[in-house]
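[1] next come a sequence and a model predicted from it.
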Amino acid sequence: MNLRKGLLAEDRAVEYLQKLDFQIIERNFYSRYGEIDIVAIKENLLHFIEVKSGEFINPAINMTEKKLERVIKTVDIYLAKKRDFSDVNLSIDLILITPKNIELIENITI
């Protein structure tokens with residue numbers, strides 16, 4: 001997927017999350033391990049959200065075990081840098097975006 005499509009998918013994800021009363025804290029947090037697309041909070045739960053999109057295939061296939069490991073390492077770095085959130089619970093989530101649908105899957109594992 002190209003950068004433009006990725007940013008458009010993330011924009012759609014942010015709009016969707018805001019409609020569900022998530023407060024967006026940060027977008028595109030980078031570490032040497034990778035990136036977290038969206039960091040949001042809702043009801044004292046900090047959400048680290050990976051956005052996957054696809055037009056012709058199920059975008060969930062792009063969330064691999066290796067990708068999840070990199071996200072977890074990046075979450076650890078985020079929490080070390082942002083000590084404001086050291087006392088909140090967290091969830092690693094996935095948003096799947098297709099031309100006709102958006103689906104939030106909370107607390108993912110592989």
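    Ah, there it is. Numbering: from 1, shown residues only.
[2] going by C-alpha atoms from here, please, whenever you check contacts or count neighbours.
    Fine.
[3] quick one: contacts for the residue nearest to the spatial centre of the chain?
    By C-alpha atoms, centre = their mean, the chain has its centre lying nearest to residue 49, at 1.5 Å. Residue 49 makes contacts with 36-40, 92-95, as judged by C-alpha atoms under 8 Å, 6 or more residues apart in numbering.
[4] let's see that with 7 Å instead.
    36-39, 92-95 (C-alpha atoms under 7 Å, 6 or more residues apart in numbering).
[5] quick check: bridge partners of it?
    Using DSSP bridges, the bridge partners assigned to residue 49 are residue 38, residue 93.
[6] gap between it and residue 91?
    Residue 49 sits 8 Å away from residue 91, going by C-alpha to C-alpha, to the nearest Å.
[7] now the helix-or-strand element of the chain with minimal mean pLDDT - C-alpha only, PDB.
    Here the helix or strand of the chain ranked lowest by mean pLDDT, DSSP states H and E is helix 3-19, holding a mean of 88. Extracted in PDB, the C-alpha atoms of helix 3-19 (Å, rounded to 0.1, in the frame of the first residue of the first chain):
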ATOM      1  CA  LEU A   3       1.800   6.200   1.700                       C
ATOM      2  CA  ARG A   4      -1.300   8.200   0.500                       C
ATOM      3  CA  LYS A   5      -3.600   5.200   0.900                       C
ATOM      4  CA  GLY A   6      -2.200   4.500   4.300                       C
ATOM      5  CA  LEU A   7      -2.700   8.000   5.500                       C
ATOM      6  CA  LEU A   8      -6.300   8.100   4.100                       C
ATOM      7  CA  ALA A   9      -7.000   4.800   6.000                       C
ATOM      8  CA  GLU A  10      -5.600   6.200   9.200                       C
ATOM      9  CA  ASP A  11      -7.800   9.300   8.800                       C
ATOM     10  CA  ARG A  12     -10.900   7.100   8.400                       C
ATOM     11  CA  ALA A  13      -9.800   5.200  11.500                       C
ATOM     12  CA  VAL A  14      -9.400   8.400  13.500                       C
ATOM     13  CA  GLU A  15     -12.900   9.600  12.500                       C
ATOM     14  CA  TYR A  16     -14.400   6.200  13.400                       C
ATOM     15  CA  LEU A  17     -12.700   6.200  16.800                       C
ATOM     16  CA  GLN A  18     -13.800   9.700  17.600                       C
ATOM     17  CA  LYS A  19     -17.400   8.700  16.900                       C
END
